[in-house]
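In: Sequence and predicted structure, then a few things I'm wondering about:
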Amino acid sequence: MLDTLSPTPTLTHAAKLLSWYDRHHRELPWRVSPSAAKAGKRADPYHVWLSEVMLQQTTVQAVKPYFAKFLNRWPKVTDLASAPSEDVMAAWAGLGYYARARNLKKCAEAVAGEHGGIFPDTEDGLRTLPGIGDYTSAAVAAIAFNRPSAVMDGNVERVISRLYAIDDPLPGSKPVMKARVRELTPTDRPGDFAQAMMDLGATICTPKRPACALCPFRDDCLTLAQDEPERFPVKAAKKEKPVRVGAGFVAVTENGEIMLRRRPETGLLGGMTEVPTTAWTARIDGGTDAAHAPFEAEWEACGVITHVFTHFELRLSVFRTRVSSGREPEGWWVPVEKLADEALPTVMKKVITQAIPTAFAKH
């Protein structure tokens, strides 16, 4: 690994980045502007925490409407803490990684019940809360409380690996990267510095075709000097994802109601709403034919949907049947036009759409 660093990296690099951030920062609904931050205004810890949890594995553009929806329904963390779990899961539906939503609710309850509605203001204190790990605790501590925490997300990894030409592959190189970030983080504006690193990775130091000519680190970047920034960060070879199979069953009444049920609280998509499916998991296949349906009926094959989870690919054979109203073999019945209000994960929306193409059309 190359280690020919430029002089005084902490001072010169931080100053360059913050100067760039003052002029080119993104305007985000959960963020306090650099000028306001310099004047002493702090970001709301609830807003920072909520946005950071939402942003994990998701884009800023995808998160903005969800963030606005959550704040509109639950303006304070105590409001979220007292909300019914099914309402929170339904509001989260579509953001994916549903364990985050369950932990979001548990964390809000802990802040409300154990901390009087006030977030702890240190990394150590924040890590005691449900669902908050190293990254989120560092981000909230830096951005909301101006603690000099080393904040590392995917954007920061890309910037730091290119700046110092760290050619050890991820994830093994994360400790080295975090040490570099810790060296660079200034004590006077750590929150702005953390957000500046994220903005730089999101807008300039992008995975493909980075705009190196516009980068505040262009004179210091070791990979740019070698004309190979796109080679970084180096990642370990990906393992091929296993494919799992199963079946999903969409039962519709003559009045246009669909049968739904709730998944177990633990496990994949825990606590979310679903149409009946066979017993597939990330490790085992489920049945794929109508013989595994939740009740006897004339089940019509409607094709196969594919959904990619983090660690595996799922292929579900979809079946549809018409039943008389009032039949309640299990679960509950919801009018098609009310499906958007249910806590249906994306994979279940795919199953329903395969069976009823107009199910999620605006009514």
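Out: Cool, got the structure.

In: I figured Lys350 hits Val304, correct?
Out: No: Lys350 lies out of contact with Val304 (Cβ atoms under 8 Å); the separation is 10.2 Å. Glycine gets a C-beta too; all of them are placed from N, C-alpha and C.

In: Who has more neighbours out of those two?
Out: Lys350 (18 against 14; other Cβ atoms under 10 Å).

In: Name the secondary structure element that contains the more buried one.
Out: Secondary structure assignment for Lys350, by DSSP states H and E: helix 346-355.

In: And that helix, what does it pack against?
Out: Applying 3 or more Cβ pairs under 8 Å, 6 or more residues apart in numbering; DSSP states H and E, we find helix 346-355 packed against strand 243-253, strand 300-308, strand 313-323.

In: Any chance you could list what contacts the last one?
Out: Under the contact criterion Cβ atoms under 8 Å, 6 or more residues apart in numbering, strand 313-323 has outside partners 241-254, 259, 277, 280, 288-290, 293, 297-308, 347, 351, 354-356.

In: Please, where are all the strands along this structure?
Out: Along the chain, counting by DSSP state E, strands occupy 243-253, 257-262, 273-274, 300-308, 313-323, 332-335.

In: could I get the ones you listed as TSV with distance to Ala343 and mean pLDDT?
Out: Compiled in TSV, the strands of the chain are given as follows (distance: least, Cβ to Cβ, whole Å; pLDDT from 0 to 100):
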stretch	distance to Ala343	mean pLDDT
strand 243-253	16	96
strand 257-262	8	93
strand 273-274	5	94
strand 300-308	16	96
strand 313-323	18	95
strand 332-335	11	92
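
In: mind checking which of the ones you listed is nearest Glu342?
Out: Glu342 lies closest, by Cβ to Cβ, to one member of the strands of the chain: strand 273-274, at 4.8 Å.

In: Tell me the strands beside that closest one, with direction?
Out: strand 257-262 (antiparallel) (DSSP bridges).

In: hmm, who's touching the partner strand?
Out: Under Cβ under 8 Å, 6+ apart, the answer for strand 257-262 is 250-252, 271-276, 294, 323, 325, 329-336, 339, 342, 344, 352, 356, 359.

In: ditto for stretch 156-176
Out: So stretch 156-176 is contacted by 1-3, 5, 13, 152, 177, 180-181, 184, 194, 197-198, 200-201, 205, 207, 210, 217, 220-224, 226, 229, 232-236 (Cβ under 8 Å, 6+ apart).

In: Tell me where the model's unsure across the stretch 201-350 of the chain.
Out: Within the stretch 201-350 of the chain, the segments meeting pLDDT under 70 span 325-329.

In: and the gap between Ala138 and Val252?
Out: Using Cβ to Cβ, to the nearest Å, we find Ala138 at a distance of 48 Å from Val252.

In: likewise Val275?
Out: 10 Å.

In: what's the neighbour count on Glu300?
Out: Glu300 has 13 nearby residues by other Cβ under 10 Å.

In: no wait, Ile132
Out: Neighbours of Ile132 (other Cβ under 10 Å): 24.

In: now do Ala112
Out: 18.

In: Enumerate every residue touching Cys63.
Out: Small correction: residue 63 is Val, not Cys. Taking Cβ under 8 Å, 6+ apart, we find Val63 in contact with 51, 54-55, 95.

In: For Glu298, see how far away the nearest residue to Ala68 once chain neighbours are set aside is.
Out: For Ala68, ignoring the flanking residues on the chain, the nearest one in space by Cβ to Cβ, 6 or more residues apart in numbering is Pro29 at 6.7 Å. According to Cβ to Cβ, Pro29 stands 50 Å off from Glu298.

In: Also Leu184?
Out: 65 Å.

In: Compare these two and say which is more crowded by neighbours.
Out: Leu184 (21 against 10).

In: Read off the pLDDT value for the more buried one.
Out: pLDDT recorded at Leu184 is 94.
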